[in-house]
Structures are given as C-alpha cells and as structure tokens.
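[1] I'll drop the sequence and a predicted model, then ask my questions.
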Amino acid sequence: MVSSDGRTNPMSRNVLRGFDKDAFAAARKAARMSRGDVARLADTTAATIRNWEIGAVSPQIDFLARATKALNIQVGDVVVTDPEQRFLSDYRCLVGLTQPQLGKVCGLTTTTITRIERGEIALTDKIQTALAEALGISGEQVNRAYLKAKRRPPGTPA
C-alpha cells in the first residue's frame, strides 16, 4: 500500500480498541521511565510513545506489547475492554499478538485469522481449540467472541 505522501506502508493497522492512553502514561511514570527509555526498549521512537500518550495515534499491538513488557505490566493493564463485549481480536490484543503471529501459533494463515475474527467463515472445533490454547481462554469464550463478530450489525468493526 502506498500512502498519499508516496511512502510504502506494508500493512494497514486498525485502531486498538480499548487503549487507555492515561493508564499507559501513568504506568510509564510509575516505572520512572522517560518516553525515550520506553521507546528504546520497545524498538520505536519517543515521538511514537508521546503520540500514544496524547491520543494522537493508536498503538500497534506488537509495539505496545514490547512497551508493556519494558514497563513490566500486562497489555490488559492499558487496554481495557468489557469481558462481556470482547471480540476475538480483543483477546488477541490482550496477549500482545498480531494476526500473523496468532496464525503462526495456531498453524493458520493470516487471512484465516482475519476472516475468523470478522465472523466471515465457520469456526471449526479444531480452530476453536487452537485459538483457545493460543489466547489462554476457554473454547466457550472463543465461541462467544466469534459469535459477537458474526452477529454484529453491518458496518460494525470486529
């Protein structure tokens, strides 16, 4: 994908649902780390960390996972979603995985993970079991999250 300024963007990213910029900033301050310290340890830039904290951009889950590791906190400490309203993508983010990473763990393609997260293809028992194991949740939680995506109103992101 090529952006309007001519740069190549290898992948589009969705907004990270539930990211709490204030909780992230508070965790960084509690750890007595500068934005530069977190950026260095997360392999990103201080400007990126600043942009997360002021709400200018939403973090990419792989970068956020590295940042939370540097802060010695869990992704769930700064990504807050109602457990009753979680989609599979929310569970994936809570363990700090991108779709390609989850696919690799489960032996599935990124396209299959995307389509399952959107409720576009059937959730087989085999896939449900693999997802439950990879996400550290029950098969029933996988099924409920999948059905939320499958039954969501048109135009609603999963």
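    Good, I have the coordinates.

[2] how long is stretch 49-58 end to end?
    10 Å (C-alpha to C-alpha, to the nearest Å).

[3] could you do stretch 104-117 as well?
    For stretch 104-117, the first and last residues are 15 Å from each other (C-alpha to C-alpha).

[4] quick one: average pLDDT of that stretch?
    What stretch 104-117 shows for mean pLDDT is 97.

[5] what does it contact?
    Applying C-beta atoms under 8 Å, 6 or more residues apart in numbering, the external contacts of stretch 104-117 come out as 87-89, 92, 97, 99-100, 102-103, 121, 123, 127, 130-131, 134, 146, 149, 158. Any C-beta I mention is one placed from the backbone N, CA and C, and that applies to glycine too.

[6] generate a ChimeraX selection restricted to the buried subset of those.
    Burial among the contacts of stretch 104-117 is assessed by 16 or more other C-beta atoms under 10 Å; the matching ChimeraX selection reads:
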select :87,88,89,92,97,99,102,103,123,127,130,131,134,146,149,158
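
[7] just the ones of the contacts of stretch 104-117 in helices?
    Using DSSP state H, the members of these that fall within helices are 88-89, 92, 99-100, 102-103, 127, 130-131, 134, 146, 149.

[8] I'd like those residues as CSV, with distance to residue 63 appended.
    Output for the ones in helices among the contacts of stretch 104-117, formatted as CSV (distance: C-beta to C-beta, whole Å):
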residue, distance to residue 63
88, 21
89, 16
92, 15
99, 15
100, 14
102, 16
103, 19
127, 27
130, 25
131, 23
134, 20
146, 27
149, 24
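
[9] against residue 81, how distant is the nearest residue to residue 137 once chain neighbours are set aside?
    Nearest non-adjacent residue to residue 137, counting by C-beta to C-beta, 6 or more residues apart in numbering: residue 91, 5.8 Å away. Look at residue 91 and residue 81: by C-beta to C-beta, to the nearest Å, they are 9 Å apart.

[10] so which of these two has more stuff around it?
    residue 91 (23 against 17; other C-beta atoms under 10 Å).

[11] for the more buried one, what are its contacts?
    Contacts of residue 91 (C-beta under 8 Å, 6+ apart): 135, 137, 141, 142, 145.

[12] tell me who's in contact with the residue nearest the centre of the chain.
    For the chain, the residue nearest the mean C-alpha position is residue 93 (2.8 Å; C-alpha atoms, centre = their mean). By C-beta under 8 Å, 6+ apart, the contact set of residue 93 is 16, 17, 18, 61, 75, 79.
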